[in-house]
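Enquirer: quick one, structure for this:
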Amino acid sequence: MQDLHSVAYFLNLGQQQEIQELEQFARTGQLVIAISNLLHQLQYERGLSNRFLGSAGLRCQQELQQQWHSSNEQLALFHKALANLLPEHGQHAFPARWFRRLGYALHSLERLPQLRQDVEQLKFNTTVAIKAYSEMIQSLLAVVFEAAGNAADEITARILVAMFNLMQGKELAGQERACGAAGFSAHEFDPGLRQRLTQLIDRQDRCFHIFSDYASDEALSAWEQVQRGEFQLEFERLRRLALTAGPQSLAAADYDVRWFICCSERLDAIKYVEEVLETQLLSHSQQRILAVREAALSPDQQGNDLQRGAFDDVPSFALYVSHSQSAGHESDHALSGPDDDMVHNVSKPVVELIEAQGQRLKSLNDELDAARTELHERKLIDRAKRELIQRRQMSEQEAYALLRSMAMNQNRRLVDVAAGLLSMTELL
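Expert: Here you go, the predicted model:
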């Protein structure tokens, strides 16, 4: 029987736990891929729904029903991937917020059958349909966002940050397709719809810029193919029409069909870039698992694990140059910890590498925190707009203009004005 107080016992437990964590994260990667595929089908379904609604039910009915079947197939695969991460199967090492995100996503997906029935019966307009589908899709994207925040190493974090921003940009591109389909089907783009298209274009650009900062060379090469796609010229031409042409110019041609096909080709091309990142994520996860398993068989692994135990998660201030080195003398133990009796034989380049990796991971976490803050602020502003729309019978554009005016007059941030307005309404 192994001594429960032996060094080997605890190091062996550490190896087993590390392998379990890596395997669990690999399963998380499978869930992210399942979400990616489900989102692609729901985005296509949203676009067809808006063509159907925009034409008052005269177009796309058969296509839409076929798409419901395709979306349901991906939904089943999503549930299958999710089952591998349930606590009942022993997978507990996730933050509570991650499970809440999943719960909300599942709650949103439960509304899908009713949403389809309402679309089929023409119970609401394209604006309501876009909002309903988009909220469902955003709930799934939030799960991917949390997965990026739980990344265990820099390479995984970079892949997931790139993937999340690409998926978010693709979702905005999908909303642009849906808005354009609604406008072209109705042969008219009102000022509110055109403003929405402009916002979607700007937000896409920001997401794709962040993606480019974190993506690998292979993913960037695939992205360049998107930029040079055969659909690109036609897409830009139709986009300009949507933003500038009058009703008479839009009535003469089947722009809704051309727009939908063109945007779908663009989204399919972006989906291929997603698949490049997905392959990299799975490959890196498997490589890490194999590396840990092979290292466990090495006769030198106990020494390596002891060294890792000394420096894993140690903050940078706990490693500093010893007095002898600072005085200009070389030493075999040039770096020491806070306790003079604990002198670690670690070279300066190794420590610098550890600290550099820590800084890079901190930078990624800062990016994620900033994105969380932006998402939270955007939700506050949207809630404030909804309050104004309901209480003052305003349009969304008028509500946003009022919030902006209040912020400028009070010399405050827009989000602070929105939060103050919501606090007041809660008291009423």
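Enquirer: ok, now which ones touch Val292?
Expert: Gln15, Glu18, Ile19, Leu22 (Cβ atoms under 8 Å, 6 or more residues apart in numbering). C-beta coordinates here come from the backbone N, C-alpha and C atoms, glycine included.
Enquirer: low-scoring stretches of the stretch 151-300 of the chain, by residue?
Expert: 151-152, 252, 296-300 (pLDDT under 70).
Enquirer: can you give me the helices for the stretch 201-350 of the chain?
Expert: 217-227, 232-244, 247-251, 255-296, 301-311, 323-326, 348-392 (DSSP state H, counting those that start in this stretch).
Enquirer: spatially nearest residue to Ala215 (excluding sequence neighbours)?
Expert: Excluding the flanking residues, the one nearest Ala215 by Cβ to Cβ, 6 or more residues apart in numbering is Ala162, at 4.3 Å.
Enquirer: so that neighbour is in which element?
Expert: Assigned by DSSP states H and E, Ala162 falls within helix 154-186.
Enquirer: same check, this time on Arg100
Expert: Per DSSP H and E: helix 96-110 holds Arg100.
Enquirer: which elements pack onto that helix?
Expert: helix 126-149 (3 or more Cβ pairs under 8 Å, 6 or more residues apart in numbering; DSSP states H and E).
Enquirer: now the angle from whichever strand or helix holds Leu39 to helix 154-186?
Expert: Element membership for Leu39, per DSSP H and E: helix 7-54. Here helix 7-54 runs at an angle of 10 degrees relative to helix 154-186 (axes from the mean of the first three to the mean of the last three Cα atoms, to 10 degrees).
Enquirer: quick one: mean pLDDT for helix 7-54?
Expert: What helix 7-54 shows for mean pLDDT is 82.
Enquirer: in the helix or strand following that helix, what's buried?
Expert: Once the chain leaves helix 7-54, the next helix or strand it forms, by DSSP H and E, is helix 61-83. Across helix 61-83, burial judged by 16 or more other Cβ atoms under 10 Å covers Leu64, Gln67, Trp68, Ser71, Gln74, Leu75, Phe78, Ala81, Leu82.
Enquirer: equivalent analysis for stretch 190-202, please.
Expert: For stretch 190-202, by 16+ other Cβ under 10 Å, it's Leu193, Arg196, Leu197, Leu200.
Enquirer: picking that back up, just put the helices of the stretch 201-350 of the chain in JSON lines and tack on distance to Lys123.
Expert: Shown next, in JSON lines, are the helices of the stretch 201-350 of the chain (distance: least, Cβ to Cβ, whole Å):
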{"stretch": "helix 217-227", "distance to Lys123": "36"}
{"stretch": "helix 232-244", "distance to Lys123": "26"}
{"stretch": "helix 247-251", "distance to Lys123": "26"}
{"stretch": "helix 255-296", "distance to Lys123": "21"}
{"stretch": "helix 301-311", "distance to Lys123": "60"}
{"stretch": "helix 323-326", "distance to Lys123": "75"}
{"stretch": "helix 348-392", "distance to Lys123": "20"}
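Enquirer: out of the ones you listed, nearest to Glu171?
Expert: Nearest to Glu171 among these is helix 255-296 (9.7 Å), distances taken as Cβ to Cβ.
Enquirer: sorry, back to before: and which of the contacts of Val292 is nearest to Gln248?
Expert: Leu22 (61.2 Å).
Enquirer: about what we covered before: just name the most buried of the helices of the stretch 201-350 of the chain.
Expert: Burial of the helices of the stretch 201-350 of the chain is given as mean neighbour count (mean count of other Cβ atoms under 10 Å); helix 255-296 ranks first at a mean of 18.
Enquirer: how big is the angle separating that helix from helix 126-149?
Expert: Computed by the same axes, to 10 degrees, the angle between helix 255-296 and helix 126-149 is 10 degrees.
Enquirer: work out the gap between helix 255-296 and the centre of the chain.
Expert: Taking the mean of its C-alpha atoms, helix 255-296 sits 13 Å from the chain's own mean (Cα atoms, centre = their mean, to the nearest Å).
Enquirer: and what of stretch 133-140?
Expert: On the basis of Cα atoms, centre = their mean, stretch 133-140 sits 12 Å off its chain's mean C-alpha point.
Enquirer: can I get it in PDB? Just the C-alpha atoms.
Expert: Output in PDB follows, covering the C-alpha atoms of stretch 133-140 (Å, rounded to 0.1, in the frame of the first residue of the first chain):
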ATOM      1  CA  TYR A 133     -33.400  34.500 -32.800                       C
ATOM      2  CA  SER A 134     -30.500  36.800 -31.900                       C
ATOM      3  CA  GLU A 135     -31.100  36.500 -28.200                       C
ATOM      4  CA  MET A 136     -31.100  32.700 -28.500                       C
ATOM      5  CA  ILE A 137     -27.800  32.800 -30.400                       C
ATOM      6  CA  GLN A 138     -26.200  35.300 -28.000                       C
ATOM      7  CA  SER A 139     -27.100  32.900 -25.100                       C
ATOM      8  CA  LEU A 140     -25.100  30.200 -26.800                       C
END
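Enquirer: give me phi/psi at Gln121?
Expert: phi -90, psi 10 (degrees, to the nearest 10).
Enquirer: cool, Asp190 as well?
Expert: Per-residue torsions, Asp190: phi -80, psi 170 (degrees, to the nearest 10).
Enquirer: the closest residue to Leu64 other than its chain neighbours: neighbour count?
Expert: Among residues not flanking Leu64 along the chain, Leu48 sits closest, at 4.6 Å (Cβ to Cβ, 6+ apart). Close neighbours of Leu48, defined as other Cβ atoms under 10 Å, add up to 23.
Enquirer: for Leu48, give its distance to Arg177.
Expert: Leu48 sits 10 Å away from Arg177, going by Cβ to Cβ, to the nearest Å.
Enquirer: likewise Val415?
Expert: 29 Å.
Enquirer: likewise Leu31?
Expert: The gap separating Leu31 from Arg177 is 26 Å, by Cβ to Cβ.
Enquirer: same thing with Ser264?
Expert: 7 Å.
Enquirer: now swap in Gln62 and tell me
Expert: From Gln62 to Arg177 the distance is 19 Å (Cβ to Cβ).
Enquirer: next one: Thr373
Expert: Using Cβ to Cβ, Thr373 is found at 28 Å from Arg177.
Enquirer: one step back: residues contacting the helix or strand just after the helix holding Arg100, please?
Expert: Sequence-wise, the next helix or strand downstream of helix 96-110 (DSSP H and E) is helix 112-120. With contacts defined as Cβ under 8 Å, 6+ apart, helix 112-120 is touched by 49, 52-53, 61, 64, 68, 71, 75, 124, 129, 132-133, 136.
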